[in-house]
Structures are given as structure tokens and as C-alpha cells.
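Q: model the following, please.
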Amino acid sequence: MALTVVLGVLCVQTAYIFFITAGTWGDWIATTAYYDKLAESFAAGRLWIEEKPDPALLALPNPYDPKARSGIPYPQDVSLYNGRFYLYFGPVPALILVFIKPFIGGSIRDQYLVFGFMTGIFVLQASLISSVWRRFFFDIPSWLLLPGILVSGLISPFGWTLNLASVYNAAILSGQFFFLAGLCSAFSALKKPQISKGKLFLAGFFWFCAIGSRMTQVIPVGFMVMMILIWFLRERRGAPLHFNPSAAIVFLGIPLLAGALWLGWYNWARFDSVFESGITYQLAGVDLQKYQQELFSYRYIANNFFNYFLIKPSVDKKFPFLGPVKGVDESIIKFVDIPDIYFSQETAGLLYIAPFILFSLVPIISTFKNFRKGTNSTEQKDASRFNWVVISLFGSFFTSLLFFLSFFWAGVRYLADFMPALVMLSVFGFWQSYRYAGKSLLLRFAVATLGLALIGITIVNSNLIALSISSAKYREFNPELWRQLIKFFNNLP
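A: Next comes the predicted model:
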């Protein structure tokens, strides 16, 4: 099994290097450097970006109105408050760079962070998938492990994200990396009769880092804390526990509480409010202060669901064959009015690009169907613990999805906020379906064929879309490769 995991990691890492370097294998295409700038500010004892605002910008009655500041230079993706520029992205990646930069020197641009966190996410996914297979699916053929690992790393939007490796994606991937690190630590801590308080403390620390990277991670982190409490309550129904649940909860809660206090201070020191991260003062494409009451609304849910899951990508007979399309901005439900602020970037529906996610329905339906069964036998206890894993992943996925479905801006990069949980559920659903086939060779063959076909379609379509959205990048930085790809695929019979 170890060889299978290593092989999967090598294959996926090769694809990641290809995307981040535009197929040059050595030239890391420069993007933004916001976290490097923030790290330099932290090292110098500042919380703001060193660059000073243009006096003309500060003289405006409302500098947050994009029309009013037209023609005035200013850095993109920053917040302006009290005459200084701040980053509204979570500070944890910059804190990491503070410790790294003295040993490396020079600027560490955001594409390196994107690659590092993406690699970390994949390794954690592969680790969790392997752990679940060893614990709950050891009775199915081991060759089913490799396809699951491959699709977990090559599903959309990961290639898309690497091709557009900016500060946005660095913050998203940092939050997702630390969330998964906490999930793996919690899963490891809870699988022994003697609970590991150290691993629970580590889970709490990682989850603080997740929230400190991306504030929206507070939603799945909160859900996971609730799931750990539920695990304690369910385990207490059986034999006496070999640990003190209260002490375990304290070990989990200490880093989360300390982190919350630190983040509250960080916000207050910048914006005079513990709850303000800078979004209100963001120099965005629209005046966010004008639309504060419309940033989140149930009225966006239908459109966002359609744009994320159901919109059909463009199809062409020429390479790269598939392409994203502009999302639907007008309400798809006639009696629901969408505020003018709503906007969707180019997108492609996941059910077309990554149909393998349909397998996620199997563990979700199975778990909720059997959740109330007793846990007296060893087999039932194992099933109950697997149910806990499934509900944890589903809750993490669904709570994050619901947040972004109600957000006024639809962007493919937001898929990375919940795709790891969804694809792992899909892998487990594929394995469960194979097990449900029982001893019937015909049924097992049919399930395996369907699963492998959907994995193949998902990997191919996801990466064709990733190439399509960044075709201009390849034409600029690696035109010969792009010409060869077009020539090769367009000459196929």
C-alpha cells in the first residue's frame, strides 16, 4: 500500500509542477507578492503594507467608490483605513514567511505559497484516504486505493488554481491545508481507547491557523468541534472511557481560544474592531460599504448552485476541447430578484467537469439512514466511527458550500474551500458501492468500471478546463509547447 501512495503522490506532484511552471518545469511564473510584503511589514513591527497611499486617494470624500478613484494609482486587493493600506487576507501565511525568509532571502511570491499549500492539501488527503482504507475498507482490493488518491489531487479546481496562483488562492489553500491538518490530527487522536490530548491540542492549533488564514474557516472548524463533542458523548454510552473528556476538550480549546484572542487583537489594532478583518474597507470593483447588507443573501443560492454545479462548459472540436463560460448573473428564478452587486466569473459546472462527485451521495445516504442503529458489536462500532468520519466531512463540505452559495460573488477559486471534503466522500462512496456489490463478480465489475470511468472523465475534464482558462499564460510563457499540444491533439483521428 505504501508504494501505491508514493506512486500517486509522484504522479500528482508532476502535474502540479507542470501547471505552476506552465510546462517549462523550471520557470515559476511570477504572480502577486502580497504575503511577502506583509511578512516584511511584520518583521519590521508594522501591521500595514509599507506602500503609502497616493495623496489624491486620501483626499477623496469616498475613496471606496471605484468611479471616484478612477485614474488614481493604488495596489489591488488591499484595504484602506486611516491613511494606510492593509491586507484583508488572513495573516498566518505571512507569519510563516517571517520565519522562512531569513533562511532563503529574496522575495517569496504568492505562487510558491500556492504550490506549497496545494501540495500539503494533497498529501493530507492521501494520508486520510489511506487511513480510512486501512481502518474501514481493508476487505476490498488494494488496487482501488490508487485511483482514489489520483482523483483527489487532480479534480477541479486544483489545476485551475495552480494556473492562476495569486494571493487569493494562497489564502484559500492555506486555510484548507490547516483545516485538513487539524482534521487528520483529530482523526488520529480519537481512534485509540486512550485519547491523545497532544494530538487534540495540535488539531486546535491547526484549526486556529486555518481561521487565521481564511476567516470563513470558522464555519467548518466550529462544526468539527461540535463533532468531537458528539464523539465523546456517543463513546460514553458504552464501556467506561480511559480518559477525562473535560481535559481533552480543554486541550482542544486552548489553542482555539488563544488564537481567537490574538485574531481579535489583530483586527482591533488595524481597524478598531475585533470583528473587522478589512472587508468593509476593501478597495474593490464595487463600493462594498454601499452594499454591506447585500453581501450575503438567500437570493444568490439558486444562481450560485447553477453556476458551480450545473452550467454547461463550452465544447470545441479543437484542443483544449473544453472551456469555461461566463456564469449567469441574472436570476434563474423569475420571482426572485437578485441585487445588482451579484457577479459570476467564468465557470464550468462540476457535474460536467467532475461527475465522480456523484459517488459522494452513497456514504451520505447510507450514513444518515443507519445513524440511529445501535453500537454494541465491534462491527457496529466500526460502522459508527465511519459514520462519524462521513458526517464530519459532509458537514465541513456543506457548511462551507452554503456560505459561498449565499455570497454575492461566484468564483471557481471558492470550490477549493470545500472540494477536498467532497472528493474524499466520493472516494469512500466508490469503495462502499464496490462492497455493496457483494460476491457478485458481475456487479463488482460494473461498479469498478463505472467508478474508474468517472474518475478518468473527472481527471481529464478538470485538467482540460485548467489548460483552457490559462491558455494565454501558456501562449506567452511556453508558446512552443502550446503549439505542439494543439498540433498533437488536433491531428488525432
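
Q: CA atoms for contacts and neighbours, from now on please.
A: OK.

Q: number of nearby residues for the residue lying closest to Gly120 once chain neighbours are set aside?
A: Spatially, and ignoring its direct neighbours in sequence, Gly120 is nearest to Phe177 (6.3 Å; C-alpha to C-alpha, 6 or more residues apart in numbering). For Phe177, the count of nearby residues is 29 (other C-alpha atoms under 10 Å).

Q: moving C-terminal from the host helix or strand of Phe177, which element do we reach first?
A: Per DSSP states H and E, Phe177 falls inside helix 167-189. Next in sequence after helix 167-189, counting helices and strands by DSSP H and E, comes helix 197-213.

Q: now do whichever helix or strand comes after that next one against helix 167-189, angle only.
A: Next in sequence after helix 197-213, counting helices and strands by DSSP H and E, comes helix 218-235. For helix 218-235 against helix 167-189, the angle by axes from the mean of the first three to the mean of the last three C-alpha atoms, to 10 degrees is 10 degrees.

Q: need the pLDDT of the residue located most distally from the centre of the chain.
A: Most distant residue from the mean C-alpha position of the chain: Ala59, 39.1 Å away (C-alpha atoms, centre = their mean). Model confidence at Ala59, given as pLDDT, is 92.

Q: who are the contact partners of Phe296?
A: Ser406, Phe407, Phe408 (C-alpha atoms under 8 Å, 6 or more residues apart in numbering).

Q: just those residues now: which is nearest Asp337?
A: Distance to Asp337 across the contacts of Phe296 (C-alpha to C-alpha) is lowest for Phe408, with 12.8 Å.

Q: my read is that that closest one contacts Glu294, right?
A: Yes: at 7.4 Å, Phe408 and Glu294 qualify as touching, with contact defined as C-alpha atoms under 8 Å.

Q: shared neighbours of the two, anything?
A: Ile341.

Q: so what secondary structure elements neighbour whichever strand or helix holds Ile249?
A: Assigned by DSSP H and E, Ile249 belongs to helix 245-271. Judged by 3 or more C-alpha pairs under 8 Å, 6 or more residues apart in numbering; DSSP states H and E, helix 245-271 is in contact with helix 197-213.

Q: one step back: neighbour-wise, which of Phe408 and Glu294 wins?
A: Phe408 (24 against 19).

Q: residues contacting the more buried one?
A: Phe408 touches Glu294, Leu295, Phe296, Ser297, Tyr300, Ile341, Tyr342, Phe343, counting by C-alpha under 8 Å, 6+ apart.

Q: how many residues are close by the fifth one?
A: Look at Tyr300: counted by other C-alpha under 10 Å, it has 27 neighbours.

Q: for the nearest residue to it once chain neighbours are set aside, grab the count of nearby residues.
A: For Tyr300, ignoring the flanking residues on the chain, the nearest one in space by C-alpha to C-alpha, 6+ apart is Ser406 at 5.3 Å. Here the number of neighbours of Ser406 (other C-alpha under 10 Å) works out to 21.

Q: I figured Ser406 hits Asn303, correct?
A: No: the criterion here is C-alpha under 8 Å, and Ser406 misses it with Asn303 at 9.4 Å.

Q: tell me the contacts of Cys11?
A: Leu150.

Q: ok now whichever strand or helix holds it, how far from the chain's centre?
A: According to DSSP H and E, Cys11 maps onto helix 2-20. Here helix 2-20 is found 19 Å from its chain centre; the criterion is C-alpha atoms, centre = their mean, to the nearest Å.

Q: ok, stretch 333-350 next?
A: In terms of C-alpha atoms, centre = their mean, the centre of stretch 333-350 is set 21 Å apart from its chain centre.

Q: residues making contact with it?
A: In contact with stretch 333-350 (C-alpha under 8 Å, 6+ apart) are residues 156, 286, 291, 294, 299-300, 302, 306-313, 323-331, 408-412.

Q: any quick PyMOL command for the buried ones out of those?
A: Typed into PyMOL, the line below selects the buried ones among the contacts of stretch 333-350, using 16 or more other C-alpha atoms under 10 Å:
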select buried, resi 156+294+299+300+306+307+308+309+310+311+312+313+323+324+325+327+328+329+330+331+408+409+410+411+412
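
Q: keep only those of the contacts of stretch 333-350 that are in helices.
A: Ala302 (DSSP state H).

Q: the helix or strand hosting Ile391 - contacts with which helices or strands?
A: Under the criterion of DSSP H and E, Ile391 resides in helix 378-405. Secondary-structure packing of helix 378-405 (3+ C-alpha pairs under 8 Å, 6+ apart): helix 218-235, helix 301-305, helix 361-370, helix 419-436.

Q: that one vs helix 218-235, what angle?
A: Going by the same axes, to 10 degrees, helix 378-405 makes 160 degrees with helix 218-235.

Q: and helix 378-405, what's buried?
A: Those buried within helix 378-405 under the rule 16+ other C-alpha under 10 Å are 381, 383-401, 404-405.

Q: run the chain-centre distance for that helix.
A: On C-alpha atoms, centre = their mean, the centre of helix 378-405 falls 17 Å from that of its chain.

Q: picking up where we left off before, let me know the closest of the contacts of Phe408 to Pro479.
A: Phe343 (32.2 Å).
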